[in-house]
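>>> sequence unknown, structure follows:
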């Protein structure tokens, strides 16, 4: 093949261009730290990366849902703990009254204490998280409990949030299931109306009706069990959320590792490649400069 | 026959080698001229005389001045450049579109979709919260904005392709006209005297230029002219010194390409144009970009329909029926947020129970879960997976077009090197020739001075 000076310079240009393009590519990889900077760099892997990113985003959303749900459940737990404590006090008080008393001072003091304990129960039932009454079901913008019958004005809607793909967790307990369960459509913890028990006890103590005191203090005791059972439910949910959180974290770590394996560049490898390319590029520049200088003109 | 013959032969040598250095200098001067083919002088012995009793040549004469030209390489170059023209145009435009879908490096439509459904997740945790409600509306607006931006990026790219037809067609017309004109001049020149090498070079270069723009085939005629045929339809573009003309007419907001072939009437050829950068421009405008756009449109309309259906099944913060969130006529360009969705109370988080309650989150939950539902492509994939696979499809298109272009470049470079090998000017060779001609010129001069000396001697004899 006949080679002219132009053939050499065309070849040199083409190869220098290729060398520059390779150097530029290595430079891009090193400076961005990412193997894939646009979908066309590796369409298959970029699809995988987008899938992983989407899953991580969903996971982050579930984590946020879980931590918010946990706050609400913990507040619910605190409120129920308060109810349990109050009911314990009420039970102790009721136990001192099971034999009846004719002393007007004792009766009046007991009634006062019972009424204030009942009011405490109402207050606990009206516990808020943000602007939301946690025991109101879906009807949670106004206080669900009052001291007078029918005591409960919320509804029985259960609120669920998503804590994993297609996995929902109930984050509330409608107040009537805990405290006015006799009228609740669903009675997972019991069927006692705690406020009714309070009112019955107060009436019985006022009338010094010993059999009625015994019956209503028993109802109060059952109510206490009902509240404890609801608390257990809440605690179980908190445990479930904890484990869901751990699973989500593990999941995220795995996904990040997958993405990292695809996306993170190997600096050592790139460093070596860069040196190789630099050497090759230098050589091609130097060879080009030397060859293009050669001409018969210099010898004529 | 006498000494004067030797003088004549010397004179012819001087003249011819002067011409030879002219050819050499023409080659040297055009060493970098695109399309130039090196020329050589063909020397032949002048007709013999028998004055001496035997035949002896009467010096040297110029047979012709030829150019080095390989018709086969020209044909291969023309074909290769048509492919390169198509692939390069396609690759360039696809690379311009790619950043719009570069979800790997930037947040774009995919993130906007995920964020929109994420905001419903947040609302499901606090159905009455005004911040959460505001976020839902803002995210919906951002989603709409993203659809608009992707859609207009694609539409703009298609419009740019449409507009680029104007300069492209003008350029082709000028080239066709120049080829025809050069054909005429070549025929005229060659009928009267020798080869019109430079004009042939110019014309061949124009044919190669034209081949980048659209697919052509050509035939070289014995009278020196080259006929050019439009490969996509077989119509004659140049016949001798006559040429056809491309023109554009507007049809439904887009340009249609018309071709009036040599001696024929103008007719629409748009659907047949498939090769060269003209073919790529049409393919991008009519097939490739609208294909992407259709996918974005289907994503936009499915999201709008699905979200609207669920949203309308719910109740807003004051218990009214949910309104459609999006107004859509089925395209990403026209999707908008329902103008009635302005107040934060509007977002319908609650389900539709017998008795309304503001704290109900069941509808928000349904909307949030729509993200993970298989709603796209015949209910086989989620919104985000659909978009991701679209991104990777575009990535694949760009990647394969880039690869094709580098193959084309290597192939054309190889052919160009072959052409350069036969037709390119080598300075070393020309310089060697120059010395050769210089020495021959010197020798011819010496011949004349020797003959002159001999003549002197002969004349002195009779003095």
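Here it is on my side, so go on. All figures in this text were calculated on a predicted structure; none of them were measured in a lab.

>>> Could you use CA atoms for every contact and neighbour count after this?
Noted.

>>> to the chain's geometric centre, what's the distance from whichever strand or helix holds residue A:217?
In this assignment (DSSP states H and E), residue A:217 forms part of helix A:210-263. Centroid separation for helix A:210-263 versus its chain: 13 Å, with CA atoms, centre = their mean, to the nearest Å.

>>> List the residues that contact residue 21.
This is for chain A. For residue A:21, no contacting residues are found, by CA atoms under 8 Å, 6 or more residues apart in numbering or on different chains.

>>> Not quite, go with chain B.
B:434, B:437, B:438.

>>> Counting neighbours, which of the residues you listed comes out on top?
Within those, residue B:437 tops the neighbour count with 21 neighbours, counted by other CA atoms under 10 Å in any protein chain shown.

>>> residue contacts, it?
B:17, B:18, B:20, B:21.

>>> got CSV for those, with pLDDT and secondary structure too?
Shown next, in CSV, are those (pLDDT from 0 to 100; DSSP: H, G, I helix; E, B strand; the rest coil):
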residue, pLDDT, secondary structure
B:17, 94, helix
B:18, 94, helix
B:20, 94, helix
B:21, 94, helix
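
>>> all strands for the chain, in order.
Since no chain was named, I'll use chain A. A:128-129, A:132-133, A:160-164, A:167-170 (DSSP state E).

>>> wrong one, chain B
B:39-45, B:48-49, B:56-57, B:60-67, B:216-220, B:226-230, B:236-239, B:242-243, B:245-251, B:254-260, B:267-268, B:326-327, B:336-337.

>>> Quick check: which of these is buried the most?
strand B:236-239 (a mean of 25; mean count of other CA atoms under 10 Å in any protein chain shown).

>>> how far is it from where the chain is centred?
For strand B:236-239 - counting by CA atoms, centre = their mean - the centre lies 22 Å from the chain centre.

>>> partners of it in the sheet?
strand B:226-230 (antiparallel), strand B:242-243 (antiparallel) (DSSP bridges).

>>> between those strands, which one is nearest to residue A:223?
Nearest to residue A:223 among these is strand B:226-230 (94.3 Å), distances taken as CA to CA.

>>> Give me the neighbour count for the nearest residue to residue B:13 once chain neighbours are set aside.
Counting by CA to CA, 6 or more residues apart in numbering or on different chains, residue B:13 lies nearest to residue B:444, which is 5.5 Å off, once chain neighbours are set aside. By other CA under 10 Å, 22 other residues sit near residue B:444.

>>> where's residue B:444 relative to chain A, distance?
22 Å (CA to the nearest CA, to the nearest Å).

>>> list the contacts for the residue in the stretch 151-300 of chain A that chain B sits nearest to?
Residue nearest to chain B within the stretch 151-300 of chain A: residue A:296 (5.5 Å; CA to the nearest CA). Contacts for residue A:296 (CA under 8 Å, 6+ apart) come out as B:427, B:428, B:431.

>>> got a list of what the spatially most central residue of chain A touches?
With distances taken as CA atoms, centre = their mean, residue A:66 lies nearest the centre of chain A, 1.8 Å away. By CA under 8 Å, 6+ apart, residue A:66 lies in contact with A:163, A:241, A:244, A:245.

>>> Now the residue of the stretch 101-250 of chain B found nearest chain A. Nearest residue, chain neighbours left out?
Using CA to the nearest CA, the single residue of the stretch 101-250 of chain B nearest to chain A is residue B:102, 5.5 Å away. Nearest non-adjacent residue to residue B:102, counting by CA to CA, 6+ apart: residue A:38, 5.5 Å away.

>>> pLDDT value on residue B:206, please?
At residue B:206, the pLDDT value in this model is 94.

>>> Quick check: it touching residue B:175?
Yes: taking contacts as CA atoms under 8 Å, residue B:206 lies within contact range of residue B:175: 6.4 Å.

>>> Residue B:302 and residue B:143, how far apart?
13 Å (CA to CA, to the nearest Å).

>>> now swap in residue A:293 and tell me
61 Å.

>>> And residue B:92, by the same measure?
Remark: distance between residue B:92 and residue B:143 (CA to CA) = 28 Å.

>>> Who has more neighbours out of those two?
residue B:143 (25 against 14).

>>> How about the more buried one: what's its closest non-neighbour residue?
Nearest non-adjacent residue to residue B:143 (CA to CA, 6+ apart): residue B:112, at 5.2 Å.

>>> what about the one you found, distance to residue B:383?
Taking CA to CA, one finds residue B:112 at 11 Å from residue B:383.

>>> can you check residue B:257 too?
According to CA to CA, residue B:257 stands 38 Å off from residue B:383.

>>> same check, this time on residue A:41
Look at residue A:41 and residue B:383: by CA to CA, they are 23 Å apart.

>>> Nearest to chain A among the contacts of residue B:21?
residue B:434 (10.8 Å).

>>> what's around residue A:129, how many residues?
14.

>>> who's it bridged to?
residue A:132.

>>> I'd guessed it sits against residue A:78; true?
No: between residue A:129 and residue A:78 there is no contact under CA under 8 Å: 11.6 Å.

>>> from the stretch 51-200 of chain A, which residue is nearest to chain B?
For the stretch 51-200 of chain A, CA to the nearest CA, closest residue to chain B: residue A:138, 4.0 Å.

>>> Next, that residue: phi, psi?
phi -90, psi -20 (degrees, to the nearest 10).

>>> What is the burial count for it?
27.

>>> do you know how far the closest residue in space to it that isn't next to it in sequence is from residue A:251?
Distances taken as CA to CA, 6+ apart put residue B:359 closest to residue A:138, at 4.0 Å, once the chain neighbours are dropped. Residue B:359 sits 32 Å away from residue A:251, going by CA to CA.

>>> can you check residue B:181 too?
Separation of residue B:181 from residue A:251 (CA to CA): 73 Å.

>>> same deal with residue B:247?
Distance from residue B:247 to residue A:251, by CA to CA: 61 Å.

>>> Quick one: the helices in the stretch 51-200 of chain A, in order.
A:104-125, A:175-178, A:194-207 (DSSP state H, counting those that start in this stretch).

>>> hmm, the second one in reach of chain B?
No: using CA under 8 Å from any CA of the partner chain, we find that helix A:175-178 stays clear of chain B, coming within 13.9 Å at best.

>>> what's the spacing between that helix and its chain's center?
The answer for helix A:175-178 is 25 Å, by CA atoms, centre = their mean.

>>> Give the other helices and strands that it contacts.
helix A:210-263 (3 or more CA pairs under 8 Å, 6 or more residues apart in numbering or on different chains; DSSP states H and E).

>>> how about the helix it packs on, does it get close to chain B?
No: applying CA under 8 Å from any CA, one finds helix A:210-263 separated from chain B by no less than 9.8 Å.

>>> Let me see the mean pLDDT of that helix.
On average, helix A:210-263 scores 89.

>>> what number of residues lie near the residue nearest to residue A:88 when sequence neighbours are not counted?
Take residue A:88 and drop its neighbours on the chain: the residue closest to it by CA to CA, 6+ apart is residue A:224, 7.4 Å away. If you count neighbours by other CA under 10 Å, residue A:224 ends up with 24.

>>> show me what contacts residue A:224?
Contact analysis of residue A:224 by CA under 8 Å, 6+ apart lists A:84, A:87, A:88.

>>> and of those, the nearest to residue B:57?
Nearest to residue B:57 among the contacts of residue A:224, with distances taken as CA to CA, is residue A:84, at 134.0 Å.

>>> looking at it, the closest one is touching residue A:229, isn't it?
No: checked against CA under 8 Å, the pair residue A:84 and residue A:229 is beyond contact range at 10.2 Å.

>>> measure the residue nearest to residue A:88 to residue A:133 for me?
21 Å.

>>> ditto for residue B:177
Counting by CA to CA, the gap from residue B:177 to residue A:133 is 85 Å.
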